[in-house]
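J.: Next comes the sequence, and after it the predicted model I'd like to discuss.
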Amino acid sequence: MEISSATTPRHGAHLRRSDIPAALPAARRASGAGAVLGAVLDHGPVARSTVARLTGLSPAAVSGHCGVLMGRGLLRESRETTGRRGLGRPHVPVEVDADRYLVAGAHIAVTHTTLSLVDLRGRIVAEERRPHEDIAPGPVLDGLAARLPRLVTAHAQGRTVLALGAATGHWVDPAAGVVVRHPQLGWRDVAVRSVLADATGLPVHVDSHARALARAEQLLGQRATRSSAVLLFVGNVVDAAFVTAGAVHQGPRSAAGRVAHLPVGAADGGSASCTCRVRGCLASEVSEAALVRQAAAAGLPVPSFPALLERALAGEPVARELFLRRARLVGRAAAVLLDMIDPATLVVVEPGAGRLPECLAALRSEVAERSWVCDDPERRVVPSSFTGSVLATAGPAVALGALYDDPLGPWPALPAVS
């Protein structure tokens, strides 16, 4: 991987939407090569004949795509096998080659950034989390670009980095590569893609963290999310992503997923007001900052949300009750989303649901009581597949999703094949 020399990036704190360069060509979703690569990711090592049955493509088309993908270094042949008891003609399965390339990812949270590397099977190779020293776009993006070469040198082991994915909360326009609005960071129309591409020399893909994690579930997580799903992200930022007909929905302005201000009708009237002027809206009740405030009010001052989570995992009664209350309120929002969208699966990205069984049970119970369409919450409401590694997964998932959508597209580090 080549990282360009440090230059002063063009930070977009005052960028106008009209100044944003034209979007890159859209990825060719569901291309034949992408379908083959995805089938091999799911089932490899796998025979080409099986890939043909899985994708509905002809054996000749699958062989052609496999040849091209092997030429690009994305697939490789595995050990030759035969049928049971050595019967039948030998065949040579193919699998994703995880030894040549990596994808980098950056997640920009309210309090810190997470930089990570994953292989082409989505396995985390390295991650590094740093608190913000300054939340302005310049220092944050400069810091990410400066840290990446060191992380690659320490952990890549000769593998080439194909691209950088960047994810954050709130309103992100992936076509323009711009964070349109992030109120907690104070960012508005920040050209993340162009800044990071100039600073690193890599292709950069940008999206919201909820959409990135929905794509990660489709690629690497729960197969029930492939065609229809809602992903509800609950952290310092509260937002959602919607999968319909196999595609992650963005909306005409890329603003889909703003669910932070859903009224959840807290029985105690709500613990805080919000900028939306609705007392007891979802974000004001269940965000990480809200839980830290609630803990202090309950006589359990903690320095941070991770510290509160550790207290809950250790069995501290006040901390556990706060997470149970959070789970019940998230369950109310989940019931609304289930009734509005009627997805096959609703994924909850929230550490209580992922790590405290009683919280997941309370959330599902609330859904069962309040939803008109979900009569099987134990099957349809599930925790994230990436509990414990959510932020390290979100950034790379943006670029990894683009690669699997369009493996024959413009990836400069891959060899050109005809």
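T.: Perfect, I can see it now.
J.: drop to CA atoms for contacts and neighbour counts, all remaining ones
T.: Noted.
J.: Need the single longest helix in the protein, by residues.
T.: As assigned by DSSP state H, the longest helix anywhere in the chain is helix 317-341.
J.: pLDDT averaged over that helix - what is it?
T.: Confidence over helix 317-341 (mean pLDDT, whole number) is 98.
J.: centre of the chain versus it, how much separation?
T.: The chain centroid and the centroid of helix 317-341 are separated by 21 Å under Cα atoms, centre = their mean, to the nearest Å.
J.: Taking helix 317-341 as reference, get the angle to whichever helix or strand comes after that helix.
T.: Per DSSP states H and E, the first helix or strand lying C-terminal to helix 317-341 is strand 345-349. Between strand 345-349 and helix 317-341, the angle comes out at 150 degrees (axes from the mean of the first three to the mean of the last three Cα atoms, to 10 degrees).
J.: where in the chain is pLDDT low?
T.: Within the chain, the stretches with pLDDT under 70 are 1-30, 80-90, 266-273, 418.
J.: residues contacting the residue positioned nearest the centre of it?
T.: For the chain, the residue nearest the mean C-alpha position is residue 213 (2.4 Å; Cα atoms, centre = their mean). Counting by Cα atoms under 8 Å, 6 or more residues apart in numbering, residue 213 makes contact with 231, 390, 393-394, 397.
J.: can we see that at 7 Å?
T.: 394, 397 (Cα atoms under 7 Å, 6 or more residues apart in numbering).
J.: Just to be sure, it is in a strand?
T.: No. Counting by DSSP: H, G, I helix; E, B strand; the rest coil, residue 213 is not found in a strand; it is helix.
J.: all strands for the stretch 251-400 of the chain, in order.
T.: 345-349, 381-383 (DSSP state E, counting those that start in this stretch).
J.: Please name the bridge partners of the residue nearest to residue 97 when sequence neighbours are not counted.
T.: Excluding its sequence neighbours, the residue lying closest to residue 97 (Cα to Cα, 6 or more residues apart in numbering) is residue 75, at 4.9 Å. Taking DSSP bridges as the rule, residue 75 bridges to residue 96.
J.: quick one, helices of the stretch 51-200 of the chain?
T.: Along the stretch 51-200 of the chain, counting by DSSP state H, counting those that start in this stretch, helices occupy 59-71, 137-155, 192-200.
J.: Let me see the domain layout of the chain.
T.: Residue ranges for the domains of the chain, per automatic domain parsing: 17-24+100-214+392-405, 32-96, 225-384.
J.: Can you say which of those domains is packed in most?
T.: Burial of the domains of the chain is given as mean neighbour count (mean count of other Cα atoms under 10 Å); domain 17-24+100-214+392-405 ranks first at a mean of 21.
J.: May I ask which helix or strand encompasses residue 41?
T.: helix 32-43.
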